[in-house]
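J.: got a predicted structure here, sequence first:
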Amino acid sequence: MDVLPLHTVAPRPAKTRIAGFEVIRALAVLGVVALHACMPYLRNPMPGLNWSVTDHSDALVDFVFWAIEVFIMPLFLVLAGYFAWQTLAHRGPGVLVKSRAKRLLVPFAFGCLVILPIDLHVWMLGWVSEGLVEPVKLRSFKFDGDLDRNLWGTCHLWFLQYLFLYVALLAGWRATQQKSRWLGRVRVSAGAVAVTLFVIAVTTLLVRPNGVWGFQHSFVPVPSKWIYSGAFFFGGVLLASADPQLRRLQSTAGRLTASAVLLLSAAVIMGRWYLAGGDGTLALFALVLLTVAAAATTTFGLLGLATRHARTVPRAVYYLAAASFWVYLVHHPLVVLVHQDLKWLMPGASPILKAALSTGLTTVVSLLTYEGLVRKTWLGRLLGLTWTMPATPPSQPGNRGIE
């Protein structure tokens, strides 16, 4: 199927597909919270990341963490690329950039000015309680060695920064294509684009495995992480262009999901071996292939299953989907506080229980703040996150948040 140029308007997803997107959005934000909730309890901690507290480790928690880490951001990125293409095809590059600037950059600025300072102080509280730094260091926030190396950056908000840059690149390409007769005649098959994106992701991860199997932190985009993540964003663009109603994706969802289970398990097993000190060029190449394949099949398998089988959405799930962007923004300092409290209040409790409690408590508190501070307030209007439950959800798409 031709991908370039965009001569025709892409069909909008059918309303029956909207329910699936809402389910995916709700599950994905729970995955992000669960990912961070597992941090103190890992057998194989993320290289380069000094979490606020450490606690007793557990092999199951470790496996769940790394499984989520492999696919959770690719899932968000593909979803974002899919809807970016829909907006581009129907309303043009100018509207795409303006709408995403408001939807992404305003919350990003709020997060940097409000959430990150809170996050930093909560983080330091944990380091002080762990005896890693002296309280006097809180006056200067200057730390020695590894503690300071990866401390400064946009933290979990990196996604918003990266995503807007992808949107700008997509819109710029479309605007250039509209003005160029040569580009207007170019035809590229969907299969060729898919293979190219896969090769880009594999190559980037070969050069910098810590794009997934490690921690990269900065105030500006890390090139390797930006390229790797961009492969999945443009994978979502490809999906919206080649299969806008997701019919082919839905028809292969079962096979994709079965493959994803095997590939994801193999990637996590090999990744944990790699983190434990495993080495070798062939082994690294196998790990990278498994990681990219697992991320792709899990992402597209989940999207296919959700949009194929979800016809209605429970009100609680629809509410979580609408609140998902806010939960994403505020959950980070909350989960760190919960970790500190659980270590002090339940020192001998199972890491599995603590990870589950961290996920649940952080989600509940995030939703309470959404209800009280955002859903019908000036802050919600500023961030574009006000929302009212429709009588028959989801007859129309809810707040698309970070799409």
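T.: Received it, and whenever you're ready, just let me know what you need. Numbering: from 1, shown residues only.

J.: in this structure, where is pLDDT below threshold?
T.: 1-17, 136-141, 143-148, 181-186, 392-403 (pLDDT under 70).

J.: what packs against the longest helix along it?
T.: The residue-count maximum for a helix in the chain (DSSP state H) belongs to helix 59-91. In terms of contacts (3 or more Cβ pairs under 8 Å, 6 or more residues apart in numbering; DSSP states H and E), helix 59-91 is packed against helix 15-37, helix 93-100, helix 158-179, helix 223-242, helix 253-275, helix 281-309, helix 351-369. All C-beta atoms are positioned from the backbone trio N, CA, C, and that covers glycine.

J.: just the angle between it and helix 253-275, please?
T.: For helix 59-91 against helix 253-275, the angle between stretch directions is 130 degrees (axes from the mean of the first three to the mean of the last three Cα atoms, to 10 degrees).

J.: for L105, list the residues it contacts.
T.: Listed by Cβ atoms under 8 Å, 6 or more residues apart in numbering, the contact partners of L105 are 160, 164.

J.: actually V78, sorry about that
T.: 232-233, 235-236, 239, 299-300, 303.

J.: redo that, cut-off 7 Å
T.: 232, 235-236, 239, 299, 303 (Cβ atoms under 7 Å, 6 or more residues apart in numbering).

J.: among the residues you listed, which two are most distant?
T.: F232 and L303 (11.8 Å; Cβ to Cβ).

J.: the closest residue to A253 other than its chain neighbours: neighbour count?
T.: With sequence-adjacent residues excluded and distances taken as Cβ to Cβ, 6 or more residues apart in numbering, A253 is closest to G304, at 2.8 Å. For G304, the tally of surrounding residues (other Cβ atoms under 10 Å) stands at 24.

J.: gap between the spatially closest residue to A266 that is not a sequence neighbour and T257?
T.: Among residues not flanking A266 along the chain, L290 sits closest, at 5.2 Å (Cβ to Cβ, 6+ apart). For L290, the distance to T257 (Cβ to Cβ, to the nearest Å) stands at 16 Å.

J.: these two: who's more crowded?
T.: Taking neighbours as other Cβ under 10 Å, L290 and T257 compare with L290 leading, 21 against 16.

J.: who's in contact with that one?
T.: L290 touches 263, 266-267, 270, counting by Cβ under 7 Å, 6+ apart.

J.: pick the one among the residues you listed closest to T87.
T.: L263 (31.5 Å).

J.: T299 is in contact with the closest one, correct?
T.: No. If you go by Cβ atoms under 7 Å, L263 and T299 don't touch, sitting 11.5 Å apart.

J.: ok, the two, which is more surrounded?
T.: Between L263 and T299, T299 has the larger neighbour count (other Cβ under 10 Å), namely 28 against 23.

J.: now the residue nearest to A253: how far from T252?
T.: Distance from G304 to T252, by Cβ to Cβ: 7 Å.

J.: for L382, which non-adjacent residue is spatially closest?
T.: V106 is the one closest to L382 (Cβ to Cβ, 6+ apart), at 6.8 Å.

J.: again, but for W51
T.: M39 is the one closest to W51 (Cβ to Cβ, 6+ apart), at 4.7 Å.

J.: cool, and V327?
T.: S366 (4.3 Å).

J.: now do the same contact list for the one you found.
T.: Contacts of S366 by Cβ under 7 Å, 6+ apart are 326-327, 330-331, 334.

J.: now do the phi/psi pair for the residue nearest to S224 when sequence neighbours are not counted.
T.: Spatial nearest neighbour of S224, excluding adjacent residues (Cβ to Cβ, 6+ apart): R208 at 3.7 Å. Main-chain dihedrals, R208, degrees, to the nearest 10: phi -130, psi 80.

J.: tell me the centre residue of the protein?
T.: Compute the mean C-alpha point of the chain, and by Cα atoms, centre = their mean the closest residue is M73, 3.0 Å away.

J.: so it makes contact with G230?
T.: No. Counting by Cβ under 7 Å, M73 stays clear of G230, with 11.4 Å between them.

J.: how much space between the residue nearest to A253 and L262?
T.: On the measure of Cβ to Cβ, G304 and L262 end up 17 Å apart.

J.: tell me how many other residues crowd I269.
T.: The tally of other residues near I269 (other Cβ under 10 Å) stands at 14.

J.: now it: how far from A28?
T.: From I269 to A28 the distance is 24 Å (Cβ to Cβ).

J.: circling back: next, the angle helix 223-242 makes with the longest helix of the chain.
T.: Going by the same axes, to 10 degrees, helix 59-91 makes 60 degrees with helix 223-242.

J.: and helix 59-91, how far out from the chain middle?
T.: Helix 59-91 sits 5 Å away from the centroid of its parent chain (Cα atoms, centre = their mean, to the nearest Å).

J.: can you check stretch 152-163 too?
T.: 11 Å.

J.: with just CA atoms, put that stretch into PDB.
T.: Presented in PDB, the C-alpha positions along stretch 152-163 are these (Å, rounded to 0.1, in the frame of the first residue of the first chain):
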ATOM      1  CA  TRP A 152      19.300  16.500  36.400                       C
ATOM      2  CA  GLY A 153      16.800  16.300  33.600                       C
ATOM      3  CA  THR A 154      13.200  16.200  32.700                       C
ATOM      4  CA  CYS A 155      12.600  13.000  34.500                       C
ATOM      5  CA  HIS A 156       9.400  11.200  33.400                       C
ATOM      6  CA  LEU A 157       8.400  14.300  31.400                       C
ATOM      7  CA  TRP A 158      10.900  13.500  28.600                       C
ATOM      8  CA  PHE A 159       8.100  11.900  26.700                       C
ATOM      9  CA  LEU A 160       6.200  15.200  26.100                       C
ATOM     10  CA  GLN A 161       9.400  16.900  24.900                       C
ATOM     11  CA  TYR A 162      10.200  14.100  22.500                       C
ATOM     12  CA  LEU A 163       6.700  13.800  21.300                       C
END
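
J.: all set now, cheers.
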